[in-house]
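Student: Model the following, please.
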Amino acid sequence: MTGRKKNIFIVQLAIFLVVVALLYNTYSDKNDKTVNALKIETEANSDSNSFTNIEYSGFDLAGNRYVLEAEKANFQTQTPKIVNMKKVIAKFYLKDDTVLSVVSDKGVYNNITLDIVFRENVKVNYINHVLLSDSLSYSNSNAKLIAAGNVRGESIEKGEFSADNVEYNLTDKTLNFSMFGNKQINVKLKN
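Tutor: Residues are numbered from 1 along each chain as shown. Have a look, this model is predicted:
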């Protein structure tokens, strides 16, 4: 090997080693960051999986976009379609450019049917309307929200009400009130 070829070989080898070192440092740092970004809690019970700060999003059967968030969620490995959640926030972006938001302490999400049940301290906000209840069920196939248990509502323009059950149809935007037994629905309308 001549002197000139030997020098070219040494320079090429040095460049190759520098590139390999840079690639190693670059990709080893990214892998560490990726692992830290997702926190998965494992429990002693291998039959369930837990996650923190989860988000589901998609479109319901009526074509409305929704985003569902929870601080904590878990599901059983035998029934992965049923997700139990805590500290739940849901937003439904309706086709008429309005937003319906729901907040609750607990919730259950079926990631196949897209049905959602909100429980404990449920609060619904829609335009200038507020609805409070013990539970709220969202039926994707029927495009309905059904509030049950200590249902109270208030509208800035229309007044307030209380009932045992309230059904809200997302398609035609109608409310149906009902009570159990002989009790009457309480409504206070504003002039």
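Student: got a list of what the residue most central in space within the chain touches?
Tutor: In the chain, the C-alpha nearest the mean C-alpha coordinate belongs to Leu68, at 1.6 Å (CA atoms, centre = their mean). Residues in contact with Leu68 (CB atoms under 8 Å, 6 or more residues apart in numbering) are Glu55, Tyr56, Ser57, Val88, Ile89, Ala90, Gly107, Tyr109, Ile116. Yep, even glycine has a C-beta here, placed from its N, CA and C like the rest.
Student: ok, it to Tyr109 distance?
Tutor: The gap separating Leu68 from Tyr109 is 6 Å, by CB to CB, to the nearest Å.
Student: any common contacting residues for these two?
Tutor: By CB under 8 Å, 6+ apart, the residues touching both Leu68 and Tyr109 are Tyr56, Ile116.
Student: Would you give the sheet partners of the longest strand seen in the chain, along with the direction of each?
Tutor: Using DSSP state E, we find that the single longest strand of the chain is strand 79-93. With DSSP bridges as the test, strand 79-93 is paired with strand 65-76 (antiparallel), strand 99-110 (antiparallel).
Student: Could you dump those into CSV with distance to Gly149 added?
Tutor: Compiled in CSV, these are given as follows (distance: least, CB to CB, whole Å):
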stretch, distance to Gly149
strand 65-76, 21
strand 99-110, 12
